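Engineer: Sequence and predicted model, in that order:
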Amino acid sequence: MYEKLDRSHGAVRGYEVRDELSEADLEAIVADLEGTIHEEGSVRVLVAMPSVPTPELDALDEDLGFWLEHSDDIEKYAVVGDSTLVEWASSAGDLVSSIDVEHFEADERDDAWAWLEDDD
């Protein structure tokens with residue numbers, strides 16, 4: 001399940017994901033991000049994970065397709081969560097993609113938003 005965060009604005013989009021992430025959930029997130037890319041030219045994304053969500057298998061396919069198609073359209077990607085797995089995956093994503101990926105601890109959510117909103 002996911003929730004779009006109220007602080008989302010312009011090219012900056014934030015979501016909190018928990019528990020199981022369904023294909024329908026991911027399709028809704030992807031549609032929002034693609035709409036933002038169409039309107040703004042690019043997107044900056046925050047994903048907060050209080051726990052590590054379990055995606056449905058079909059959702060993983062949708063997720064991978066989005067990243068392959070739009071990697072040049074994503075300026076920054078902030079991952080917020082205390083899980084070591086989330087931190088490791090963020091570091092790996094930063095190394096293997098052209099997207100600027102940063103990990104923030106759960107209590108640093110405001111710092112993650114500030115980083116996304118900073119134009120430097």
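Structural biologist: Cool, got the structure.
Engineer: Output the longest helix belonging to this protein.
Structural biologist: Using DSSP state H to define each element, the chain has its longest helix at helix 23-40.
Engineer: buried ones in that one?
Structural biologist: Using 16 or more other C-beta atoms under 10 Å as the test for burial, helix 23-40 gives 23, 25, 26, 29, 30, 33, 36, 37. For every residue, glycine as well, the C-beta is placed using N, CA and C.
Engineer: Is it possible to get TSV of those that adds pLDDT and distance to residue 45?
Structural biologist: Listed next are these as TSV, based on pLDDT from 0 to 100; distance: C-beta to C-beta, whole Å:
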residue	pLDDT	distance to residue 45
23	81	19
25	88	15
26	86	13
29	92	9
30	90	11
33	94	7
36	97	9
37	96	11
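Engineer: okay if I get those residues as a markdown table plus distance to residue 6?
Structural biologist: Formatted as a markdown table, those follow (distance: C-beta to C-beta, whole Å):
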| residue | distance to residue 6 |
| --- | --- |
| 23 | 25 |
| 25 | 18 |
| 26 | 21 |
| 29 | 16 |
| 30 | 20 |
| 33 | 17 |
| 36 | 15 |
| 37 | 21 |
